[in-house]
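**Q** Just need the structure, nothing else, for what follows:
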Amino acid sequence: MRLRGRFTLWFAVAALVPIAVAAVVTREVVTRSLREDYRSSRAGVETAIRDAVGRRAEDVQRVVNTLTGQRNALVGGILSDLVKNGGLLDGNARRRIREQEEETREGLGLAVLMVTGAGDEVLSAPHNRSAVGDVDPVPAARARATPGQAFFAFDKLMRSSSLETLLVVEAAKTARESGQQVAVLVGFEIGKGLLDPYRRKDKVDARIVDPTGRVLVRPGPAWNRLANHPPIRVELPGADGKPVAWIEVAVADAGLESLLRQVTMVSGALAIAAIAITVLVGLLVARRMTRDLDRLVDGAHAAARGDLDHRVEASSQDEVGEVAAAFNRMMEEVQGAKERLVIAERIAAWQEIARRLAHEIKNPLTPIQMAMDTLRKTWRKQHPSFGEILEESTQSVLEEADRLKRIVSEFSDFARMPKPDIASCDLNDVVTGALGLYQEAAPLERRLAPDLPPIEADRGQLSQVLRNLVENARDAIASRPDGRIVVATRRGDAGDRVEITVEDNGPGVPAELKERVFTPYFTTKHAHGGTGLGLAIVHRIVSDHGGRIGVVDAATGGARFVVELPLRQDAGTGLRSASASMRVKSV
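**A** Numbers count the residues shown, from 1 in each chain. Predicted coordinates:
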C-alpha cells in the first residue's frame, strides 16, 4: 500500500475511535434520557393512581366518621328513635329512614350504605332495600375488626342482581347513644370513575383485575398496543391486608424502541458521514503531503535515467521541502561530478588509446627494423644470397606494414563510428541476413521467434553486432569437434523489447573476466592478433540503440551473450543510462 493510502487509513482509524466513542456515548446518553423519561412517566402515573386510591380511602373514612357523628340526620335519627322506643323502630321512624337514606347515599356518592342495629338487623340499606330486616353480621364485625379504616372488598349492590360483584372501598364504624348502638358500613365503587381521569388516549390506559386474572373493569381499545412493557400494578388490600384486586396501568413508551432505533440509525449515519468526511479530508491532506514526495520520486527516477538536469519543485517549507532542496543540491553536485568524471574518463580513454596504439604499432616496427638492418648488412658485404634475403626481408616488411594499416584502420573505425541510422526493420530478417555469411563456415542453429514486432534500429550496425558475436563464438569452439552455436530471438518478458542471444558450447568466460569483456582493448587473443575492440564495438552499438548487453554461463557450459533492444527508441531511455559509463570509455 502506498504512503498516501496508509496515511489516509491511519487518519481514518485515528478518527474512527473518537467518532465511534462519541456515537456510542451519544446513543447511550439519549437512550438513558429516554428510558429515564419513560420511567419517570410510569412512576408519575403510578403515584397518581396510588394517590387517587388513597384519596378514595380517605373519602370513605371521612364519610363513615361523618355518618357516625351525633349530628348526622340519618344515623343520629336512627339512634334517637331507638333510644325513645327502647331499641325498636316504629312505622314513623322507618318511614323517615326511607325518606332520608337514599338522599344521604346519593348526596355522599356512596355505592354501599348499610346500618345495622341490635342482633345485626339491617335497619337501612338504600343500595339494596330488599336486605332491610335481614340479619347481616358483616357491618358489626368489620366495625369491631377495623373501626373506621378503609379496605377493599366485593359486595353485591343488589341481592337479586345476577351481575358480578363490584369492587368497593369500604369502612365500618359503630355509632352509640344512651346505651344504643348501630354499625354503619359505607363504600365507594372502584371502577371507571376512578380510572377515567388518568386514561389518556394513546398514552395511558388502565384496568382492574382480581387475583384470578378476571378483568373487573375493562381497559380501552389501546390496551394491547400500550402494554409493550409490564403494566404498573397497584394492589387493593382487603380487610386482612391481602390484595383482593389490582389496578393495572399501561403507559405508552412514546415509541421508545422506535426512538432508540432512530437514535441508533442517526448515530450510525452521523458516524458514517463523519468517517467519510474524515477520509475525504485525510485524502486531501495526504495528497497535499505526498505531492512533494511524488515529485521526489520522479526526481529519483530522472536521476536513475541519467537526467541530471531534473530539479524537484517543493511548494512547502517543511521537512519535505528541505529534502527536496537537498535533493536538488545533490543533483547539482552529481552533475558537476559527472562532468568532471567525463573529462577525466575521456583523458584516461585517450591515454589508453595512445598507450594501446603505441603498443600495437611498436610490435610491427621491431621486425621491420630488423629486416632493414639485415638488408643493409648483407648489401655492404655483397652477400651472394642478397637477392634471396632481399625478397624475404621485403616480404616481412610488407606484412608488418599491412598489419600496421589494419591496426590503424580498426582504431580509426572505432573512434569515428557513426551514429545509428534508425529505421523500422524486422529483427529476424536482420539475423537471417547476417548469418548468411556463415551458412557453411560454422555449425549454426537458428531459433527465431515468430511474429516479432518491428523495431527501430540501424540494420547495418545490428548485422555487425551479430557478426562480431558469431566470430567470438567461432573462436571459442574452434578446438571442439562438436562445437555448436545457437542464435535465437524472442520478445522480452515486459513486452517492450526484443532479445537476441548467441550461445556456444565452448570453454565459456571466466567469472573474473565477465565484467571486463566489453572494455575497449581488452582481449584474450593477443596471439591471434586480437585488438580487444570487437566486443567494445558491440557494446557501443547496442548502447547507441538504447539497449544493453550481458554475458552469462550457458547451460552447455559455454558463454551466452544476451542483447536487449527496445521496440522504440524512446523506450530505451532507461537502458542507455545503464551503459553510459561504458560508452564514455569507448569514445
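
**Q** Count residues in the vicinity of the residue lying closest to residue 189 once chain neighbours are set aside, would you?
**A** Setting aside the residues directly before and after it, residue 189 is nearest to residue 111 in space (CB to CB, 6 or more residues apart in numbering), at 3.8 Å. From N, CA and C alone the C-beta is placed, and that goes for glycine too. Using other CB atoms under 10 Å, residue 111 has 20 other residues around it.

**Q** what's the pLDDT at residue 111?
**A** pLDDT for residue 111: 85.

**Q** what about the helices in the stretch 351-500 of the chain?
**A** 386-415, 427-435, 459-476 (DSSP state H, counting those that start in this stretch).

**Q** Tell me which of the ones you listed lies nearest to residue 502.
**A** helix 459-476 (4.2 Å; CB to CB).

**Q** So for that closest one, what gets flagged as buried?
**A** For helix 459-476, a neighbour-count test (16 or more other CB atoms under 10 Å) marks 459, 461-470, 472-476 as buried.

**Q** rewinding a little: distance to residue 444 for the helices of the stretch 351-500 of the chain - can I get that in a markdown table?
**A** Listed next are the helices of the stretch 351-500 of the chain as a markdown table, based on distance: least, CB to CB, whole Å:
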| stretch | distance to residue 444 |
| --- | --- |
| helix 386-415 | 25 |
| helix 427-435 | 6 |
| helix 459-476 | 7 |
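
**Q** Would you single out the least confident of the ones you listed?
**A** Mean pLDDT values for the helices of the stretch 351-500 of the chain show the minimum at helix 386-415, a mean of 77.

**Q** Which residues belonging to it are considered buried?
**A** Buried residues in helix 386-415, defined by neighbour count with 16+ other CB under 10 Å: 389-390, 393, 396-397, 400, 403-404, 407, 410-411, 414.

**Q** Would you mind finding the longest helix in this protein?
**A** Ranked by number of residues, the top helix in the chain under DSSP state H is helix 3-67.

**Q** Now that one: average pLDDT?
**A** 80.

**Q** Tell me the gap between that helix and the middle of its chain.
**A** Using CA atoms, centre = their mean, to the nearest Å, the mean C-alpha position of helix 3-67 is found 35 Å from that of the whole chain.

**Q** Repeat that for stretch 545-562.
**A** Put simply, stretch 545-562 sits 48 Å off its chain's centre (CA atoms, centre = their mean).

**Q** now do the same end-to-end measure for that stretch.
**A** With CA to CA, to the nearest Å as the measure, stretch 545-562 spans 15 Å from end to end.

**Q** Kindly report the same for stretch 175-186.
**A** By CA to CA, the extent of stretch 175-186 from end to end equals 13 Å.

**Q** can you map out the strands along the stretch 451-587 of the chain?
**A** Using DSSP state E, counting those that start in this stretch, the strands of the stretch 451-587 of the chain run over 455-457, 485-491, 497-504, 548-553, 559-566.

**Q** remind me which residues of the stretch 201-350 of the chain are low pLDDT?
**A** The stretch 201-350 of the chain contains residues with pLDDT under 70 at 254-257, 259-260, 286, 288-290, 305-306, 308, 314-317, 320, 342, 345-350.

**Q** could you pull out the strands for it?
**A** Under DSSP E, counting those that start in this stretch, the stretch 201-350 of the chain gives strands at 204-209, 215-217, 232-237, 243-251.

**Q** Using JSON lines, please lay out the ones you listed together with mean neighbour count and distance to residue 36.
**A** Converted to JSON lines, the strands of the stretch 201-350 of the chain look like this (neighbours: other CB atoms under 10 Å; distance: least, CB to CB, whole Å):
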{"stretch": "strand 204-209", "mean neighbour count": "22", "distance to residue 36": "18"}
{"stretch": "strand 215-217", "mean neighbour count": "17", "distance to residue 36": "30"}
{"stretch": "strand 232-237", "mean neighbour count": "17", "distance to residue 36": "16"}
{"stretch": "strand 243-251", "mean neighbour count": "21", "distance to residue 36": "14"}
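
**Q** picking that back up, quick one: which of the buried residues of helix 459-476 is nearest residue 127?
**A** Nearest to residue 127 among those: residue 462, at 129.3 Å, using CB to CB.

**Q** Excluding chain neighbours, give the residue nearest to that closest one in space.
**A** Spatially, and ignoring its direct neighbours in sequence, residue 462 is nearest to residue 430 (5.0 Å; CB to CB, 6+ apart).

**Q** ok, now which ones touch that neighbour?
**A** Residue 430 makes contact with 457, 459, 462-463, 466, according to CB atoms under 8 Å, 6 or more residues apart in numbering.

**Q** Reformat the strands of the stretch 201-350 of the chain as JSON lines; add distance to residue 63.
**A** Formatted as JSON lines, the strands of the stretch 201-350 of the chain follow (distance: least, CB to CB, whole Å):
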{"stretch": "strand 204-209", "distance to residue 63": "21"}
{"stretch": "strand 215-217", "distance to residue 63": "22"}
{"stretch": "strand 232-237", "distance to residue 63": "18"}
{"stretch": "strand 243-251", "distance to residue 63": "20"}
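
**Q** Of those, give the one that comes closest to residue 447.
**A** Residue 447 lies closest, by CB to CB, to one member of these: strand 243-251, at 92.6 Å.

**Q** Now do that closest one against helix 3-67: the angle between them, please.
**A** On the basis of axes from the mean of the first three to the mean of the last three CA atoms, to 10 degrees, strand 243-251 is oriented at 140 degrees to helix 3-67.

**Q** tell me the SS of residue 114?
**A** Under the three-state scheme (DSSP: H, G, I helix; E, B strand; the rest coil), residue 114 adopts strand.

**Q** For it, list the residues it contacts.
**A** Residue 114 neighbours (CB under 8 Å, 6+ apart): 122, 124-125, 127, 131, 136, 139, 184-186.

**Q** what do you get for residue 508?
**A** Applying CB under 8 Å, 6+ apart to residue 508 gives the contacts 476, 553-554, 557-559.

**Q** about what we covered before: residue 297: which of the helices of the stretch 351-500 of the chain is closest?
**A** Closest of these to residue 297 is helix 427-435, at 34.1 Å (criterion: CB to CB).

**Q** Can you tell me how far the residue lying closest to residue 19 once chain neighbours are set aside is from residue 23?
**A** Once flanking residues are discounted, residue 19 sits nearest to residue 274: 4.8 Å by CB to CB, 6+ apart. Residue 274 sits 8 Å away from residue 23, going by CB to CB, to the nearest Å.

**Q** Tell me which of the two has more neighbours.
**A** residue 23 (21 against 17).

**Q** Could you tell me how many residues sit around residue 298?
**A** The number of residues packed near residue 298 is 12, by other CB under 10 Å.

**Q** repeat for residue 230
**A** When neighbours are counted by other CB under 10 Å, residue 230 registers 9.

**Q** show me what contacts it?
**A** Contacts of residue 230 by CB under 8 Å, 6+ apart: none found.

**Q** Would you quantify the distance from it to residue 236?
**A** Residue 230 sits 18 Å away from residue 236, taking CB to CB as the criterion.

**Q** just residue 553 next, same as before
**A** Between residue 553 and residue 236 the distance is 107 Å, computed by CB to CB.

**Q** hey, where'd the strands end up in the stretch 51-200 of the chain?
**A** For the stretch 51-200 of the chain, applying DSSP E, counting those that start in this stretch gives strands covering 112-116, 122-124, 151-155, 166-177, 180-189.
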